[in-house]
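J.: with the input below, show me the fold.
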Amino acid sequence: MYEDNSRAMHSFKTHYTVLMGDFKAKLSTRESGELKLGKFGIRQRNPRGQQLADFMEKEGLFMMNSFFQKRPHRK
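T.: From the prediction side, this is the model:
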């Protein structure tokens, strides 16, 4: 799936790229060396979350929702 997303992203010349979907991933907060995640994630990271974090680092994407603090019932 990530290879298909990567091919689709690189086949278009755009200024901004928005990749949305339900990846069934729990990303938690940023770990050492990660710049694409904010400090306001939730829960612990699962294996799908690690795959998504690796994909975002490789493609230069950001998890924007994790950069803003929200109330616990809004996460």
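J.: mind checking pLDDT for residue 3?
T.: Turning to residue 3, the model gives it a pLDDT of 90.
J.: how about the one 5 residues further on?
T.: In this model, residue 8 is scored at 87, pLDDT.
J.: same check, this time on the one 4 residues further on
T.: Predicted confidence (pLDDT) for residue 12: 83.
J.: correct me, but residue 53 touches residue 29?
T.: No. The criterion here is C-beta atoms under 8 Å, and residue 53 misses it with residue 29 at 10.9 Å. For every residue, glycine as well, the C-beta is placed using N, CA and C.
J.: more crowded one of these two?
T.: Each of residue 53 and residue 29 has its neighbours counted (other C-beta atoms under 10 Å); residue 53 has more, 21 against 15.
J.: the more buried one: what secondary structure?
T.: Three-state call for residue 53 (DSSP: H, G, I helix; E, B strand; the rest coil): helix.
J.: the residue positioned nearest the centre of the chain bridge partners, please.
T.: With distances taken as C-alpha atoms, centre = their mean, the residue of the chain nearest its centroid is residue 63 (4.0 Å). Residue 63 has these beta-bridge partners by DSSP bridges: residue 37.
J.: any idea how far it is from residue 16?
T.: Distance, residue 63 to residue 16, by C-beta to C-beta, to the nearest Å: 15 Å.
J.: any weak-confidence spans in this protein?
T.: Applying pLDDT under 70 to the chain flags the ranges 75.
J.: how far does the host helix or strand of residue 4 sit from the chain's center?
T.: Residue 4 is part of helix 2-10 when elements are defined by DSSP states H and E. The chain centroid and the centroid of helix 2-10 are separated by 15 Å under C-alpha atoms, centre = their mean, to the nearest Å.
J.: now the residue nearest to the centre of the chain: how far from residue 72?
T.: According to C-beta to C-beta, residue 63 stands 18 Å off from residue 72.
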